[in-house]
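Trainee: pasting a predicted model and its sequence here:
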Amino acid sequence: MRENLIEREEDLARIVRDARTIAVVGMKDGSDPDVPAFVIPKALKARGLRVIPVNPMIQASLGMTAYKDLASVPEAFDLVDVFRRSEKVGELVDEILALPPARRPRVVWMQTGIRNDVAAARLAEAGIQVVQDHCLKVYSERYRELRVPTLPV
């Protein structure tokens, strides 16, 4: 399903505007606060998105419990943000497609430098939209308002 392989700017904007809860696969815990797998989820959270860390190597990140895999996440997520090497994305696709259809994300977003056309085609065939080799933070900054906390009066 070619229409699920997302490249057009207006489709990227729509995905970013519609996203609410993001499972971040490969998210880091902030022990190195400059790595993209920590900086980007932190920026997404600042823009009002619910960020769920998914990484079996950490316990928590940004004050939230980390889960070992997507199947362990106890709540729904509409987008999976991927911080894994391109050659490892096929394993992640297996994990996503093993989820019950009602628990699968609407979108899988592979960060800058991450591309796996075979894996993307499998997701697209399953009805999941796929973005490859784009930075979610860049599009979030472009198309989502920064969340400003309301202060008590």
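Mentor: Nice, I can see it.

Trainee: wait, is P53 part of a strand?
Mentor: Yes - counting by DSSP: H, G, I helix; E, B strand; the rest coil, P53 falls inside a strand.

Trainee: dump the residue contacts of it.
Mentor: By Cβ atoms under 8 Å, 6 or more residues apart in numbering, the contact list for P53 reads 24, 27, 29, 41, 60-62, 64-67. From N, CA and C alone the C-beta is placed, and that goes for glycine too.

Trainee: same thing but 10 Å
Mentor: 23-29, 37-38, 41, 59-67, 73 (Cβ atoms under 10 Å, 6 or more residues apart in numbering).

Trainee: filter those residues to the buried ones?
Mentor: With burial judged by 16 or more other Cβ atoms under 10 Å, the buried subset of these is 23-29, 37-38, 41, 61-62, 66-67, 73.

Trainee: farthest pair in those residues?
Mentor: With distances taken as Cβ to Cβ, the most widely separated pair in these is F38 and V73, at 18.6 Å.

Trainee: can you tell me the closest non-neighbouring residue to V108?
Mentor: V80 (4.8 Å; Cβ to Cβ, 6 or more residues apart in numbering).

Trainee: okay, and the beta partners of the one you found?
Mentor: Beta-bridge partners for V80, by DSSP bridges, are A23, V108.

Trainee: now do it against S31, distance only.
Mentor: Distance, V80 to S31, using Cβ to Cβ, to the nearest Å: 23 Å.

Trainee: please say which of these two ends up with more neighbours.
Mentor: Neighbour comparison, V80 and S31: the larger count goes to V80, with 25 against 9 (by other Cβ atoms under 10 Å).
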